[in-house]
Every structure is written in C-alpha cells, then in structure tokens.
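Student: Quick check, what structure comes out for this input:
(4 chains)
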There are 4 protein chains.
Amino acid sequence: MKKIVRCGVSMGKKLLEDFDELISRKGYTNRSEAVRDLIRNHLVEEEWRTEKKEMIGTITLVYDHHIRGLLDTLTDLQHHSHDMIKSTMHLHLDEDNCLEILAVKGTVDKIKAIADKLISVRGVKHGKLTMTTTGKELL
Amino acid sequence: MKKIVRCGVSMGKKLLEDFDELISRKGYTNRSEAVRDLIRNHLVEEEWRTEKKEMIGTITLVYDHHIRGLLDTLTDLQHHSHDMIKSTMHLHLDEDNCLEILAVKGTVDKIKAIADKLISVRGVKHGKLTMTTTGKELL
Amino acid sequence: MKKIVRCGVSMGKKLLEDFDELISRKGYTNRSEAVRDLIRNHLVEEEWRTEKKEMIGTITLVYDHHIRGLLDTLTDLQHHSHDMIKSTMHLHLDEDNCLEILAVKGTVDKIKAIADKLISVRGVKHGKLTMTTTGKELL
Amino acid sequence: MKKIVRCGVSMGKKLLEDFDELISRKGYTNRSEAVRDLIRNHLVEEEWRTEKKEMIGTITLVYDHHIRGLLDTLTDLQHHSHDMIKSTMHLHLDEDNCLEILAVKGTVDKIKAIADKLISVRGVKHGKLTMTTTGKELL
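Tutor: Coordinates of the predicted model:
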C-alpha cells in the first residue's frame, strides 16, 4: 500500500481562487488532484532529459498509404524495433490518409531515435512523439 | 492526381550543410521531404488555433486501474463522446498501471474539452493531448 | 495587503519525495513557492489563450546588422508600435550579429502580430516571443 | 563573404499555396526567408540539446519588489554569474511589479542552471528561459 502524506501550501487568496476557477473549468473536482497533476507533469518532463531512463512514448503518424514503398518502409522500421513497439493502432481516415499510433517502451534516446526514423519517412505527412511515463515511479 | 510544383530556396552554403547534416542524422534521405515536414508541421500548428477546424487528436493516458471508480468514470466520459472517439488502444504496463490511447476526431475546441475532462480524472497520473491532422489538406 | 490562505494537498509519500528532490536541485528552498510557481505558470499559459487580455511579452531577435535595409525596417516597425514597446535592449554579439530584446505590453493578439512582423524580417536569423505577465493578477 | 547556394524543393501545389498564404499573413515578403527561418529554428532547437555548446539565452522575470530580501537575492545571484550575464533591462510595471530581462551567454548547462536559480527565488511570480543563438553558425 502506498503511504499518503499531506502537506500544506500557502498562497494569496486571489491566486487560489483563480486556480480553483481554472481547474473546475477543466473538470477537476478535487484541488489536490490538480496540484498532483502539475507535479507529476513536471517530474515526467525532467525524466525525459535523462537519456538512459526507461519511459513510454507514443508516436503518432499521419500518412498517405498510396506513396510507393511507404508501407514496406514503415513495416520494416517497426519490425527492426519490434521489442520496443508494444502495440500499434491503425485508422483509415479517408480514401488516402491513415492514422497510425505506436506505443513504444524503452530508454529515452532509443524512443527518440525510432520516432525520428519513422517521422522522416517520405509520405509521412505529420508525425509526433508524445512523451509519457511507465507510471511506476509516480506514486 | 495532385500537382507537384518545384520552388527554389536560396540560403548560405553553411546553413544548407548544417541542415543536411541534421536531417541525415534524423534519417531523411531526401531534403525536399525534410523541408516539406517543416512546412506541414507549421501549418498544422496554425490550424490548431482555429476553434472550429476539424482535426485529429490523440489523447494519451497513464493511470492506476486500482483507483476506485476510475474505470467507470473514464468509460462514461468516453461513451458520452463516442461519436468523436474513433478508436482506443489499451496496454497493461504492469500490475497497476495502464496506458490508454484514444484517437479523437472533431473540432479543436471539442477535442480540447474532452482531453481536459479525461486528464483531470482522479487516478490519471499523466495525460497528454497530441495535436495532429486529418491529412486531407496537406497535399 | 494581500490575504494569505493555506490549503492542504495530499499525495503519495514517494511523489512528494521526488518533487522535493527535483525542486531542491533547481534551487527552491521552500516547497510552497515551487507549487505556487507551477500554479502561476499554468494560469499565465491560460491567459495567453484570451486574445483581448493585456499581457507582457518579450521578443528576442538575433540578426546580422549588415543586411541592407534591415535596421531601417526593424526601426520602422518598432516606431509603428511605439506605444506598445516599452523598452528595448541591444547587444553587439560579434562583428556581425546583434541581439535585440523588446519588452512589449498590450493585448495578446497585438503582441503576437508585432512579434510575427519583426521575426519575419529578412536578415533576422532567429526570433522568439516569450509570453509572460503583468503580474497584476498573480497575487 | 558568405556563399549563397540555391536548392530546389518540390511539393504539392496546394501545400505551397497554403504555406504562401500563412507566411504572407505573418508578414513575410519572401518565401526563401520563411523556409530559412524554419530551418534555422530547427537547428537552434537541436543545438540546445548539447550541454557544452555556447548559446545565448534570455531570462525573463516578473516579480514583486516588496518581497523582503528578494532584490538582494537576485542581485547576489546575478553577480555570482556576472561573467555570463551580458546585460539586463528593468521595467517598473506598476507600483509592485517589475519586469527584468537578462541576456546570458554561456554553455547550455550553465544557462539552464542560472535560469533555474533565478526563477526559483521566492517572490518571482513568473520566470522563463528563452533559448536563442549567438548567430555565429547560422550563415
């Protein structure tokens, strides 16, 4: 069981009111949760600066599947890193365009390298790496 | 068939060399593709400023499935927007932690609103909205 | 005098320890201040989404002063918005390169427009808009 | 004299039209300049990943000068790094709030460290590091 502690934070009344208003607009029903989210987000950002830290990334690709050789190249690249790519999801956006999302687990430097490789493939119109976490240390 | 045009870009020799070196390190085999990627990325960023533009977003959530009520809340929220959430992918990261990725299609303001709601749920440790495109206009 | 309130935030012991370690590395001597900084930063980001909100921005430009017409263009543009540009700082980086920093006060849409105009001038090698605040409402 | 080269970039007609429309809205009168800006921006982002690279940063601080000890702390910290802080600009925003902008030259790791220290001072309401360049290599 994880141990819960409680800490006090002091701030100006106006600052707290503004924060409460913003988070309730975003859907928070609990101020502690909103503060924890800010803290966890800050920690995850820091972890992504450490090259050898194991993290989770998601790679989002939008591409035109008609481009000759594209599907083969993407498949080859993915198989080359099959141990890191945990799962993929594919959506047919329209006649031409595909959305592919990959969940990747590995060290920061390796996740970035595979994202660079996939995004740079000719025919990939838009690609992005989203940096998230294994959640393990965010207790 | 889409029409291809060719435009000339002039720049310092050193700048071009540095660019070529960077993109080859990233995996590009073609300079035009690297320039197109910069241009498309710039256009997609702009499109996300228009509230009523139809775009694609992916929402990445990491959460502890043991938190009481969490799964129900996430499921309810998703069903409430079932017409926008095109597909989801779920990974069991470890005994406690889940990775869930949602592909969402809709207007910018609606995608942001649903991302805010999901990310603010108590028990979601980390959440992010990735802004991408339907690809339709990026010809 | 501004009224100070105190609120309690509960979280996992491990999360608090990780946060304490990160902020002490960054130089914080006080946990409340670190939480307030996260909150204020979150609020300022939101304020920049409102086009008619009065904010402060700083525009950073690096340019080669040898480019013909560059200094005239930058000066003209600045005078055209002289009521918004509160102060400027200029540094001679080397024989060729200048760093110019402008402090700009105005509504979000106007600050963005003047930043776009200055950054797009031919000869400006690098330009950035930094979004900050008048501080008035961050009590 | 720097050597100018010209390279050809091919792309879809629609993509080029959309790009032209966006950059003209931003104030560009020259397409090459817009492409060069995208390229230079991409290069500068990469340079900031190298800890020992000499770069220019600007640190923007908004603070309430009434906070006891704040001015002394900020001054002490700045003098401690006087060799890196090339110039500062100070604006009296209102009765309480100050805007201070520092131009800092040094290696990436050192600029980040001094920014962290200044931003974490109690009483600094908002602080940001803007990453720019010496311009030397952007020919």
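Student: ok, which stretches of chain A are strands?
Tutor: A:4-12, A:54-64, A:85-92, A:97-107, A:124-132 (DSSP state E).
Student: do the fourth one and chain B meet at all?
Tutor: Yes: using Cβ under 8 Å from any Cβ of the partner chain as the criterion, contacts between strand A:97-107 and chain B involve A:97, A:99, A:101, A:103, A:105. The way it works is simple: take the backbone N, C-alpha and C, and place the C-beta from them, glycine included.
Student: Hmm, B:Thr132 and the first one touching each other?
Tutor: So that's A:Asn97. No: with contact defined as Cβ atoms under 8 Å, A:Asn97 does not count as touching B:Thr132 (10.7 Å).
Student: Need the residues touching each of the two.
Tutor: Residues touching both A:Asn97 and B:Thr132 by Cβ atoms under 8 Å, 6 or more residues apart in numbering or on different chains: A:Val62.
Student: mind listing what's buried in stretch A:92-100?
Tutor: By neighbour count with 16 or more other Cβ atoms under 10 Å in any protein chain shown, stretch A:92-100 contains the buried residues A:93, A:96-100.
Student: Those: which two are farthest apart?
Tutor: A:Asp96 and A:Glu100 (13.9 Å; Cβ to Cβ).
Student: Would you tell me which residues of chain A are close to chain C?
Tutor: A:2-16, A:18-19, A:22, A:31-32, A:35-36, A:38-40, A:42-43, A:46, A:137-139.
Student: Mind checking which of these are in helices?
Tutor: A:13-16, A:18-19, A:22, A:31-32, A:35-36, A:38-40, A:42-43, A:46 (DSSP state H).
Student: Among the residues you listed, the buried ones, what's the ChimeraX command?
Tutor: In ChimeraX syntax, the buried subset of these is picked out as below (16+ other Cβ under 10 Å):
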select /A:15,16,18,19,22,31,35,36,38,39,40,42,43
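Student: Where does pLDDT dip in chain A?
Tutor: Low-confidence segments of chain A (pLDDT under 70): A:1.
Student: One more pass at 80, please.
Tutor: Applying pLDDT under 80 to chain A picks out residues A:1-2, A:137, A:139.
Student: Out of the residues of chain A next to chain C, which are close to chain B?
Tutor: Counting by Cβ under 8 Å from any Cβ, A:40, A:138 from the residues of chain A next to chain C sit close to chain B.
Student: Contacts only, for the residue nearest to A:Thr107 when sequence neighbours are not counted.
Tutor: Counting by Cβ to Cβ, 6 or more residues apart in numbering or on different chains, A:Lys52 is the residue found nearest to A:Thr107 once chain neighbours are left out, at 5.1 Å. Counting by Cβ under 8 Å, 6+ apart, A:Lys52 makes contact with A:107-109.
Student: okay, now the residue nearest to A:Lys26 when sequence neighbours are not counted: neighbour count?
Tutor: Excluding its sequence neighbours, the residue lying closest to A:Lys26 (Cβ to Cβ, 6+ apart) is B:Asp116, at 4.3 Å. Using other Cβ atoms under 10 Å in any protein chain shown, B:Asp116 has 17 neighbouring residues.
Student: A:Val121: what's it in contact with?
Tutor: By Cβ under 8 Å, 6+ apart, the neighbours of A:Val121 are A:63, A:70, A:73-74, A:77, B:27.
Student: And the residues you listed, which two are furthest apart?
Tutor: The widest separation within these (Cβ to Cβ) is 14.9 Å, between A:Tyr63 and B:Gly27.
Student: Neighbour count: the two, which is higher?
Tutor: Taking other Cβ under 10 Å, A:Tyr63 and B:Gly27 do not tie; A:Tyr63 has more neighbours (24 against 17).
Student: ok, the residue nearest to the more buried one when sequence neighbours are not counted - contacts?
Tutor: Nearest residue to A:Tyr63, sequence neighbours excluded (Cβ to Cβ, 6+ apart): A:Val124, at 4.6 Å. Residues in contact with A:Val124 (Cβ under 8 Å, 6+ apart) are A:61-63, A:70, A:74, A:118, B:37.
Student: And the buried ones among those, selectable in ChimeraX?
Tutor: To isolate in ChimeraX the members of the contacts of A:Val124 that are buried, counting by 16+ other Cβ under 10 Å, one can use:
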select /A:61,62,63,70,74,118 /B:37
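Student: Based on its surroundings, how many neighbours for A:Glu47?
Tutor: Neighbour count for A:Glu47, taken as other Cβ under 10 Å: 18.
Student: Could you measure from it over to B:Ile111?
Tutor: 26 Å (Cβ to Cβ, to the nearest Å).
Student: Distance-wise, check A:Asn30 relative to A:Ser24.
Tutor: Relative to A:Ser24, and taking Cβ to Cβ, A:Asn30 is found at 10 Å.
Student: Ok, A:Asp96 next?
Tutor: A:Asp96 sits at a distance of 42 Å from A:Ser24 (criterion: Cβ to Cβ).
Student: I figured A:Glu51 was touching A:Ile111, is that so?
Tutor: No: assessed by Cβ under 8 Å, A:Glu51 is found out of contact with A:Ile111, at 10.2 Å.
Student: Between these two, which has more neighbouring residues?
Tutor: Legend: neighbour count by other Cβ under 10 Å for A:Glu51 and A:Ile111, higher for A:Ile111 (23 against 10).
Student: Which residues are in contact with A:Asp18?
Tutor: A:Asp18 neighbours (Cβ under 8 Å, 6+ apart): C:43, C:137.
Student: cool, and A:Lys105?
Tutor: Counting by Cβ under 8 Å, 6+ apart, A:Lys105 has contacts A:54-56, A:84, A:86, A:134, B:93.
Student: now these in TSV, with distance to C:Lys128?
Tutor: Formatted as TSV, the contacts of A:Lys105 follow (distance: Cβ to Cβ, whole Å):
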residue	distance to C:Lys128
A:Glu54	33
A:Met55	28
A:Ile56	30
A:Met84	34
A:Lys86	36
A:Thr134	33
B:Leu93	37
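Student: For those residues, which entry has the maximal number of neighbours?
Tutor: A:Ile56 (25 neighbours).
Student: If any of the contacts of A:Lys52 are buried, put those into a PyMOL selection.
Tutor: Those of the contacts of A:Lys52 that count as buried under 16+ other Cβ under 10 Å are selected in PyMOL with:
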select buried, chain A and resi 108
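Student: Looking at the contacts of A:Lys52, which one is closest to A:Lys128?
Tutor: A:Val108 (16.0 Å).
Student: gap between that closest one and chain D?
Tutor: Distance, A:Val108 to chain D, by Cβ to the nearest Cβ, to the nearest Å: 12 Å.
Student: contacting residues for that residue?
Tutor: A:47-53, A:55.
Student: Go again with 7 Å.
Tutor: By Cβ atoms under 7 Å, 6 or more residues apart in numbering or on different chains, the contact list for A:Val108 reads A:48, A:50-51, A:53, A:55.
Student: before we move on, back to that, could I get the strands of chain A as a markdown table with distance to B:Lys128?
Tutor: Listed next are the strands of chain A as a markdown table, based on distance: least, Cβ to Cβ, whole Å:
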| stretch | distance to B:Lys128 |
| --- | --- |
| strand A:4-12 | 25 |
| strand A:54-64 | 8 |
| strand A:85-92 | 16 |
| strand A:97-107 | 13 |
| strand A:124-132 | 5 |
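Student: quick revisit: looking at the contacts of A:Val108, which two lie furthest apart in space?
Tutor: Farthest apart among those by Cβ to Cβ are A:Glu51 and A:Met55. That separation is 10.5 Å.
Student: Show residues contacting stretch A:19-27.
Tutor: Contacts for stretch A:19-27 (Cβ under 7 Å, 6+ apart): A:31, A:34, B:116-117, B:120, C:39, C:42-43, C:46.
Student: again, only using 6 Å
Tutor: A:34, B:116-117, B:120, C:39, C:46 (Cβ atoms under 6 Å, 6 or more residues apart in numbering or on different chains).
Student: Next: stretch A:37-51.
Tutor: A:53, A:108-109, A:131, A:133, A:138, B:125-126, C:18-19, C:22, C:38.
Student: go with 8 Å
Tutor: For stretch A:37-51, the external contacting residues (Cβ under 8 Å, 6+ apart) are A:53, A:55, A:107-109, A:131-133, A:138, B:119-120, B:124-127, C:11, C:15, C:18-19, C:22, C:35, C:38-39, C:42.
Student: Alright, that wraps it up for me.
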